[in-house]
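# Give me a model of this one.
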Amino acid sequence: MKKFFSFIILISFWINNLFAETINLDQGIKINVPKGYEHLNYDQSEFMRYNLESLEISKSKIDEIIDQTITVLGMNGSETSTIIGRKGFVKGYGDFINHTLSGNPPETWHGFGKLERQCGNKKTEKSMLKCLVKFFKMDPIVQIDVSNGTTVEIKELSSLMQELNFSDKKDVKDFNKASEKIKQTFSDIYQNELKIKLGNIKNKKWGFEILGKDIMMGFTAQRVGYLFIHNERPFIVQGFCMSETTCKNIKKLNNQIIEPYLSKKLVLNNKGGNISDDTNLTEKLISLNELYKSGALTKEEFEKAKKKILD
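Below you'll find the predicted structure:
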């Protein structure tokens with residue numbers, strides 16, 4: 001019976017991932033584009049500026065915010081924002097954004113006539129906005145950013161995470177205090193008060209959980225995401241949802257997307273310590289430290305494995 005249930009679980013996992021597309025991001029990160037979803041890419045700084053301009057923020061303030069992404073998060077201008085949405089959003093939302101990013105008036109977009117026919121005759125502003133969200137397939141949308149640069153703050157945070165005893169409340173408290181600047185910068189960049197706390201994501205990787213609210217298309221959107229420190233660089237995943245149904249499942253969607261990243265495990269060989277080469281140095285040390293603290297390794301095995309990594 002136990003074998004039967006194991007077989008059922010294996011088949012369910014295979015079916016759920018059968019139609020997922022795995023794509024590569026910067027810094028060797030892999031993610032899934034789940035079945036029924038598709039993705040597009042934008043220049044990160046250009047896309048951020050576009051979104052900030054839609055909030056009617058002054059040019060000087062926008063420049064200040066983008067400077068923060070460079071000085072604190074290490075964004076060096078070579079980054080790409082990956083946006084994941086339901087099938088059809090690339091042809092609608094993506095094409096419209098590309099049109100307006102090129103400096104063209106919205107009303108000259110080739111799909112504007114169809115949009116006006118479907119949503120222009122709605123009786124209330126709320127119903128019109130709801131129609132726009134449906135037309136562009138904007139609920140939900142997940143944005144993913146990986147920094148190609150790093151900073152002193154991020155490097156220090158990465159180093160602290162390697163030494164952190166996650167089971168020690170004082171250690172976690174001190175770590176959260178040390179990461180306040182990163183958290184505040186993140187809130188400043190997105191012009192929102194965000195709740196950011198350290199957590200063990202699906203019991204696989206430690207990172208920051210992000211919660212907040214945004215106004216999108218006139219609706220209050222929930223922001224649910226993660227901030228990981230990968231290879232001494234920020235790896236940011238943010239899901240946005242506007243309806244009760246999509247918000248109920250947004251965290252699950254995020255987890256499906258980052259499953260390849262979460263499942264990237266370190267493997268010790270039978271000799272006790274050799275670690276596979278498919279992970280970066282920081283992740284190796286963090287995972288090795290977790291193995292030691294969990295009791296899976298003796299102190300001697302831990303020191304031997306650590307020496308091999310650093311050598």
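# make it CA atoms for all contacts and neighbour counts henceforth
Fine.
# So for whichever strand or helix holds I65, what gets flagged as buried?
For I65, the host element (DSSP states H and E) is helix 59-71. By neighbour count on 16 or more other CA atoms under 10 Å, the buried set for helix 59-71 is I62, I65, I66, D67, Q68, T69, I70, T71.
# elements contacting that helix?
helix 44-54, helix 180-189 (3 or more CA pairs under 8 Å, 6 or more residues apart in numbering; DSSP states H and E).
# and it, what's its mean pLDDT?
Helix 59-71 shows an average pLDDT of 90 in the prediction.
# Assign a three-state SS to H39, would you?
strand (DSSP: H, G, I helix; E, B strand; the rest coil).
# circling back: from the chain's centroid, how far away is the helix holding I65?
Mean-position distance between helix 59-71 and its chain equals 21 Å (CA atoms, centre = their mean, to the nearest Å).
# and it with helix 180-189, angle?
Orientation of helix 59-71 against helix 180-189 (axes from the mean of the first three to the mean of the last three CA atoms, to 10 degrees) gives an angle of 150 degrees.
# For the very next helix or strand once past helix 59-71, which outside residues touch it?
Counting by DSSP H and E, the next helix or strand C-terminal to helix 59-71 is strand 80-86. Residues outside strand 80-86 that contact it (CA atoms under 8 Å, 6 or more residues apart in numbering) are 33, 36-44, 47, 137-146.
# Please indicate which of those are buried?
Applying 16+ other CA under 10 Å to the contacts of strand 80-86 flags 33, 37-40, 42, 44, 47, 137-146 as buried.
# so where's the stretch 1-150 of the chain uncertain?
1-19 (pLDDT under 70).
# Tell me the bridge partners for the most centrally placed residue in the chain.
Central residue of the chain (CA atoms, centre = their mean): V237, 0.9 Å from the mean position. In this entry, V237 is beta-bridged to I144, Y226, by DSSP bridges.
# Now that it has come up, it's in contact with I141, right?
No: contact criterion CA atoms under 8 Å: V237 and I141 do not qualify, at 10.8 Å.
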